[in-house]
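Chemist: fold the following, please.
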Amino acid sequence: MIFPSYFSLGFEHVIPFGYDHMLFIISLFFFNSKIKSAIIQCSIFTIAHSSTLALATLGYLNFNSSVIEGTIALSIFFVALENLIETKLQVWRLAFIFLFGLLHGLGFASALNEIGIPQNKFLIALLAFNLGVEAAQLTVIAFCYFFVARLIQKKVWYQTKFVKPLSIIISSIALFWAVERFLT
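Modeler: Numbers count the residues shown, from 1 in each chain. As a prediction, this is how the structure comes out:
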């Protein structure tokens, strides 16, 4: 029963408990509200966070979790703020998403280390946790696409009265989190 348990833990680490991770994925999606763009960005993010999650859980990377958590908040701030400026997916945005994914993977590793992983089922638990995270990310993207973007993205006011205010709110929350996390 290791696989279902750790899959569930990974999923729950994003939905409903991973507010910062959900805001990051939402910010990626609303960059231009196209499913292809969201999947490209999320895939790059996934490759990055999966690698640092594995390396950190295996003990190859050591890190200060409070610095990582503050930096994760700054990554959300940056991505949401960029939604106010850019609309076309640039290579440099993808590079930043990859770097931010590396940081988020360390955050996942910190959570997974607190939970603990049975040594005799280590790889299965790690894979299940990561797949749970991925399933939750896809759930967030699907929700944003089917229940928001498809319904209103063709409206004249969509960018100015929905995406930009949402991005301002997300960047404000993330900046607050960054300050709070760096000060504690």
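Chemist: other SSEs contacting the top helix by length along the chain?
Modeler: Across the chain, the longest stretch assigned as helix under DSSP state H is helix 91-115. Helix 91-115 sits against helix 2-14, helix 19-29, helix 35-57, helix 65-82, helix 122-144, with contacts defined as 3 or more Cβ pairs under 8 Å, 6 or more residues apart in numbering; DSSP states H and E. Every C-beta, even on glycine, is put in place using the N, C-alpha and C of the backbone.
Chemist: make TSV out of these and add mean neighbour count and mean pLDDT.
Modeler: Shown next, in TSV, are the helices and strands packed on helix 91-115 (neighbours: other Cβ atoms under 10 Å; pLDDT from 0 to 100):
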stretch	mean neighbour count	mean pLDDT
helix 2-14	18	95
helix 19-29	23	95
helix 35-57	19	91
helix 65-82	20	94
helix 122-144	19	93
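Chemist: adding distance to residue 89 as columns, could you present those in TSV?
Modeler: Shown next, in TSV, are those (distance: least, Cβ to Cβ, whole Å):
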stretch	distance to residue 89
helix 2-14	23
helix 19-29	10
helix 35-57	5
helix 65-82	11
helix 122-144	15
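Chemist: of those helices, which is nearest residue 104?
Modeler: helix 35-57 (4.6 Å; Cβ to Cβ).
Chemist: nearest the geometric middle of the chain, what residue?
Modeler: The residue lying closest to the centre of the chain (Cα atoms, centre = their mean) is residue 21, at 3.8 Å.
Chemist: please list all residues in contact with that one.
Modeler: Counting by Cβ atoms under 8 Å, 6 or more residues apart in numbering, residue 21 touches 13, 14, 104, 133, 136, 137.
Chemist: with residue 128 instead?
Modeler: By Cβ under 8 Å, 6+ apart, the contact set of residue 128 is 2, 3, 4, 5, 6, 7, 10.
Chemist: likewise for residue 51?
Modeler: Listed by Cβ under 8 Å, 6+ apart, the contact set of residue 51 reads 102, 105.
Chemist: and it, how far from residue 38?
Modeler: To residue 38, residue 51 is 21 Å away according to Cβ to Cβ, to the nearest Å.
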